[in-house]
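Trainee: sequence first, then the predicted structure:
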Amino acid sequence: MNSVEELQLGKQLMAAYYPHLVIYNIQVIQSGGIKTIWKASTSDGTVCLKRIRKSIPIVQYTTAAQSYLSTKGALVASIVPTKDHKLYFVHEGYALVLYRWIEGTDLDMEKNQEHLLLGLKGLAQFHKDTVGFVPPADCETYDRMGVWPTHFEKMLEELKQWKTESEKQNTLFHQSYVKIADEMINLANQSIQLLKNSCYEEWNKEIGEYGYMCHQDYGKGNALQTEKGVYVLDLDNLAYDTPLRDVRKLIAKRMEELGKWDLATLEEMIDSYESIFPLTPEQRKIIYIDWLFPHKFYGYVKSPFKKGEVGEERKLLKCYKVEVEKMNVLKQVLTI
């Protein structure tokens, strides 16, 4: 579908499902796939129509969650209902949702430390606000509560299996993997043992069935600084989970951008999150345990081993270097 056809489709969908809105102007602001986004100025303000690349039962869950958050005053975009008072409509098998447009400053949290500290506070408030949402009975949810140990163990077994596979190959990538695999396997093992001995399981029980939800993709483009505070956007991947997962991923991206890991910087960032969402010392320790697991290393090597992509020794060693540097810092706060 070309840009003219996409624009026409947007006009037709708005007219069909939101006839109560007068459209003054409409434009396509993201295209090139299922996830198309239209921006329109209307008689009821500026809105954003988004086609979502998720199953309908998942969209039912995430839109209900977004509506819950918006209704309770959380800083998320509110959903404009269709003429039939629905949160979304379906066109050619895909759900589309109309959101109110949020004006604000995009937080570049990987490159700007002040933006990151603001973004962490916004994330902490978002996590607090998600508590208590009960999903509709007939929807499908993303639920990762309590699964970390099992998930870590599965990744560990894959790291071991890929070492065995690499021993039979003679490429530079595979030979290098064999040389460094044991160190990464050891890191994974240590992380798993520390997690099992931590308050993780107990905390998950305390949180309960419908506790915190993680954004799962929080970063640039999904956090806007406004006069009211930080708005959190794009909730298509919401998952019930221990909230620290978002924190680990966000801060890790910043540390990689800085090119070095140091404890003072790490703690400043966690302190910013904790200024809104206080943690016990044991809960805070879970972030460090999660960092100890070689997520970046695993994230790179799974593509060659699971998807058949060509592995690059240079990228492999770069990921390995990050994990080693990170471990030297984490030794200061974990008993390893």
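Mentor: Arrived safely. Numbering: from 1, shown residues only.
Trainee: report the secondary structure element holding the nearest residue to Lys302 once chain neighbours are set aside.
Mentor: Closest residue to Lys302 apart from its sequence neighbours, by C-beta to C-beta, 6 or more residues apart in numbering: Glu158 at 7.2 Å. Any C-beta I mention is one placed from the backbone N, CA and C, and that applies to glycine too. Assignment of secondary structure by DSSP states H and E places Glu158 within helix 148-166.
Trainee: and for Ile29?
Mentor: For Ile29, the host element (DSSP H and E) is strand 23-30.
Trainee: strands along this protein, start to end?
Mentor: With strands called from DSSP state E, the chain shows them at 23-30, 37-42, 45-52, 89-91, 94-100, 105-106, 213-214, 223-225, 230-232, 239-240.
Trainee: got JSON lines for the ones you listed, with mean neighbour count, mean pLDDT and distance to His127 too?
Mentor: As requested, those are exported to JSON lines (neighbours: other C-beta atoms under 10 Å; pLDDT from 0 to 100; distance: least, C-beta to C-beta, whole Å):
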{"stretch": "strand 23-30", "mean neighbour count": "13", "mean pLDDT": "94", "distance to His127": "27"}
{"stretch": "strand 37-42", "mean neighbour count": "19", "mean pLDDT": "96", "distance to His127": "26"}
{"stretch": "strand 45-52", "mean neighbour count": "20", "mean pLDDT": "97", "distance to His127": "23"}
{"stretch": "strand 89-91", "mean neighbour count": "14", "mean pLDDT": "97", "distance to His127": "30"}
{"stretch": "strand 94-100", "mean neighbour count": "21", "mean pLDDT": "97", "distance to His127": "21"}
{"stretch": "strand 105-106", "mean neighbour count": "12", "mean pLDDT": "96", "distance to His127": "21"}
{"stretch": "strand 213-214", "mean neighbour count": "26", "mean pLDDT": "96", "distance to His127": "8"}
{"stretch": "strand 223-225", "mean neighbour count": "22", "mean pLDDT": "97", "distance to His127": "13"}
{"stretch": "strand 230-232", "mean neighbour count": "23", "mean pLDDT": "98", "distance to His127": "10"}
{"stretch": "strand 239-240", "mean neighbour count": "20", "mean pLDDT": "96", "distance to His127": "12"}
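Trainee: can you list those strands in JSON lines and add distance to Tyr61?
Mentor: Below are these laid out as JSON lines (distance: least, C-beta to C-beta, whole Å):
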{"stretch": "strand 23-30", "distance to Tyr61": "23"}
{"stretch": "strand 37-42", "distance to Tyr61": "21"}
{"stretch": "strand 45-52", "distance to Tyr61": "12"}
{"stretch": "strand 89-91", "distance to Tyr61": "15"}
{"stretch": "strand 94-100", "distance to Tyr61": "11"}
{"stretch": "strand 105-106", "distance to Tyr61": "27"}
{"stretch": "strand 213-214", "distance to Tyr61": "10"}
{"stretch": "strand 223-225", "distance to Tyr61": "22"}
{"stretch": "strand 230-232", "distance to Tyr61": "17"}
{"stretch": "strand 239-240", "distance to Tyr61": "10"}
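Trainee: perfect, I'm done here.
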